[in-house]
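[1] okay, predicted coordinates and the sequence, questions at the end:
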Amino acid sequence: MIKVHGNSVEINGKGILLTGPSGSGKSDLTLRLIDGGARLISDDYTEISSESGQAIMSPPVEIAGRLEIRGVGLMKLSHCRDIPLHLVFDLKNRTEIERMPEHLSMSFDGVTVPVRQIDPFTASAAAIVRHMASTEDIRTGYETDGG
């Protein structure tokens with residue numbers, strides 16, 4: 001098991017990990033995702049273990065069910081655990097993100113997971129995360145019609 005500095009949510013059974021330095025917008029984007037129907041896994045740190053070839057995310061016991069909102073404090077929320085990691089979003093400033101990026105990935109406890117970069121403060125950030133969580137072919141972000 002490893003502990004990663006990042007927030008995590010569950011969207012339709014798929015785990016999304018938000019990474020970035022302190023103040024990069026992880027908790028803000030997490031709250032907007034929860035407001036749109038996602039469930040909190042963890043805030044600030046996420047525990048990841050490998051089970052049957054999948055990276056599984058859970059909250060550390062000491063912070064489970066809590067989300068820190070800058071200027072407000074700690075909020076108690078329902079949360080979930082043992083959710084398979086589907087995709088990582090690395091939070092960046094818009095000027096640091098390529099329009100047509102290379103395929104990035106990260107490895108967690110021997111499991112490789114796709115990574116996308118996103119500016120969490122753009123109006124469409126939560127919609128992009130929700131869309132990518134529902135996209136089956138996350139290697140490209142586009143579904144194919146087979147033709």
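    Thanks, I have it.

[2] mind listing what's buried in the host helix or strand of residue 49?
    Assigned by DSSP states H and E, residue 49 belongs to strand 45-51. Within strand 45-51, the residues that qualify as buried by neighbour count (16 or more other Cβ atoms under 10 Å) are 46, 47, 48. In this view, the C-beta of every residue, glycine as well, is placed from N, C-alpha and C.

[3] OK, contacts around the last one?
    Translated: residue 48. Residue 48 is in contact with 1, 2, 3, 4, 17, 55, 56, 57, 85, 108, 109, counting by Cβ atoms under 8 Å, 6 or more residues apart in numbering.

[4] swap in the first one?
    Applying Cβ under 8 Å, 6+ apart to residue 46 gives the contacts 3, 4, 6, 7, 8, 17, 57, 58, 59, 60.

[5] can you pull out the strands in the chain?
    2-11, 14-19, 39-42, 45-51, 54-58, 66-69, 73-76, 83-91, 104-108, 111-118 (DSSP state E).

[6] could those go into TSV alongside distance to residue 135 and mean pLDDT?
    Shown next, in TSV, are these (distance: least, Cβ to Cβ, whole Å; pLDDT from 0 to 100):
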stretch	distance to residue 135	mean pLDDT
strand 2-11	11	97
strand 14-19	10	97
strand 39-42	19	98
strand 45-51	21	95
strand 54-58	18	97
strand 66-69	26	92
strand 73-76	29	91
strand 83-91	9	96
strand 104-108	16	92
strand 111-118	10	94
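
[7] so which of those comes closest to residue 32?
    Of all the strands of the chain, strand 2-11 sits nearest to residue 32, with 10.1 Å by Cβ to Cβ.

[8] output the contacting helices and strands for that closest one.
    strand 14-19, helix 26-35, strand 39-42, strand 45-51, strand 83-91, helix 125-134 (3 or more Cβ pairs under 8 Å, 6 or more residues apart in numbering; DSSP states H and E).

[9] that older thread, can you add distance to residue 129 and give the strands of the chain back as a markdown table?
    Formatted as a markdown table, these follow (distance: least, Cβ to Cβ, whole Å):
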| stretch | distance to residue 129 |
| --- | --- |
| strand 2-11 | 7 |
| strand 14-19 | 6 |
| strand 39-42 | 13 |
| strand 45-51 | 15 |
| strand 54-58 | 15 |
| strand 66-69 | 16 |
| strand 73-76 | 20 |
| strand 83-91 | 6 |
| strand 104-108 | 16 |
| strand 111-118 | 7 |
